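>>> turn this into a structure:
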Amino acid sequence: MTGGLRDGEKEEEFLHSPFIRKQGNIYKPNNKDMDNDSLNEKSMEDVHTKEIDLVNRDPKHLNDDVVKVDFEDVIAEPAGTYSFDGVWKASFTTFTVTKYWCYRLLTALVGIPLALIWGIFFAILSFIHIWAVVPCVKSYLIEIHCISRVYSICVHTFCDPLFEAMGKCLGGVRIRTSKEV
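The predicted model follows:
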């Protein structure tokens, strides 16, 4: 095994726990503070689970400018054209409650299937990017580098002397402009 056994330890302890190496746990290479007891506790957890925040559901602020739609953002009465106060309060309550429950109903019915579809979509997108796009771009850059060397040699061989000669020939030309009024 990579880390080896400590004095007095049996090999059976390491059968179901991650290997230890000098850099740390192989599943978390930068975590050097893990001991054997915490490894046994951590090995029971799924490495693909992540605790989600149920309070702040937009931690990266993706929808700050787009989807924030409150009553005041949609319906506003300018000064001088106010409805009855009761109508305004009822409109506010109706809008807010309807938006709240329609959103909850739609997410309950369509949220999980759409999450599945988007998960599949981004998995395919990641797969294509990792296994097709990046290798193609890398291959293109390798080929273009060879072509750029040949092109550079051709330019330096044929064009540089021509333009240097033209520069020397036309370098002595002086143009004087004057404006007559």
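>>> neighbours of residue 134, how many?
Number of residues near residue 134 (other CB atoms under 10 Å) recorded here: 11. C-beta: built from backbone N, CA, C; applies to glycine.
>>> ugh, typo on my part, it should be residue 114
Neighbours of residue 114 using other CB under 10 Å come to 13.
>>> likewise residue 118?
Should you count by other CB under 10 Å, residue 118 turns out to have 10 residues around it.
>>> then residue 95?
By other CB under 10 Å, the residues close to residue 95 number 15.
>>> so for stretch 133-141, mean pLDDT?
The average pLDDT within stretch 133-141 is 96.
>>> where do the domain boundaries of the chain fall?
Annotated domains of the chain cover 1-50, 71-170 [automatic domain parsing].
>>> and the ones you listed, which one averages the lowest pLDDT?
Lowest mean pLDDT within those: domain 1-50, at a mean of 52.
>>> so which bits of the helix or strand residue 115 falls within are buried?
Element membership for residue 115, per DSSP states H and E: helix 112-128. Within helix 112-128, no residue counts as buried by 16 or more other CB atoms under 10 Å.
>>> how much space is there between residue 173 and residue 167?
Here the criterion is CB to CB, to the nearest Å. By it, residue 173 lies 11 Å from residue 167.
>>> how about residue 101?
According to CB to CB, residue 101 stands 77 Å off from residue 167.
>>> just give me the neighbour total for residue 91.
14.
>>> so which other helices or strands are in contact with the helix or strand it falls within?
Remark: residue 91 resides in helix 85-106, with elements defined by DSSP H and E. Contact here means 3 or more CB pairs under 8 Å, 6 or more residues apart in numbering; DSSP states H and E; on that basis helix 85-106 packs against helix 71-74.
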